[in-house]
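Asker: take this sequence and fold it.
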Amino acid sequence: MSRGSLCPGGHSWSLDLDKCMDCAICLQRTKNDFCAKCKHRPQDSRLWLAVGGAVGGVVVLSVVVGALLWTHCRRREQFTSE
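Answerer: Alright, predicted model coming up:
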């Protein structure tokens, strides 16, 4: 069993440093010896972060608009007589 197989997900073994290194480093420094062995794509997680942020923003906006509409209709309902 090689030492590289002991590295957790998103990490790769560096022969120069003799330890596991995070593949996210390869975004800034692509010339490291372990970057060629990285299977994890850090930019994929950034894409999910952007998608999650957009969906979260839409949900929050929907809740705020719904609350405003509900309070507006509620006020109008209080002053309506039969």
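
Asker: for the most centrally placed residue in the chain, give its distance to Met21.
Answerer: Among the residues of the chain, Leu49 comes closest to the average C-alpha position under C-alpha atoms, centre = their mean, at 2.6 Å. Relative to Met21, Leu49 is positioned 22 Å away (C-beta to C-beta, to the nearest Å). Glycine gets a C-beta too; all of them are placed from N, C-alpha and C.

Asker: and for Arg46?
Answerer: 19 Å.

Asker: between those two, who's got more neighbours?
Answerer: Between Arg46 and Met21, Met21 has the larger neighbour count (other C-beta atoms under 10 Å), namely 20 against 12.

Asker: what about the more buried one, which SS state?
Answerer: Secondary structure, DSSP: H, G, I helix; E, B strand; the rest coil: Met21 is strand.

Asker: that one bridge partners, please.
Answerer: Ser12 (DSSP bridges).

Asker: give the contact list for it.
Answerer: For Met21, the contact set (C-beta atoms under 8 Å, 6 or more residues apart in numbering) comprises His11, Ser12, Trp13, Ser14, Asn32, Phe34.

Asker: could the residues you listed go into JSON lines alongside pLDDT and neighbour count?
Answerer: Compiled in JSON lines, those are given as follows (pLDDT from 0 to 100; neighbours: other C-beta atoms under 10 Å):
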{"residue": "His11", "pLDDT": "86", "neighbour count": "20"}
{"residue": "Ser12", "pLDDT": "85", "neighbour count": "21"}
{"residue": "Trp13", "pLDDT": "87", "neighbour count": "18"}
{"residue": "Ser14", "pLDDT": "88", "neighbour count": "19"}
{"residue": "Asn32", "pLDDT": "81", "neighbour count": "18"}
{"residue": "Phe34", "pLDDT": "84", "neighbour count": "22"}
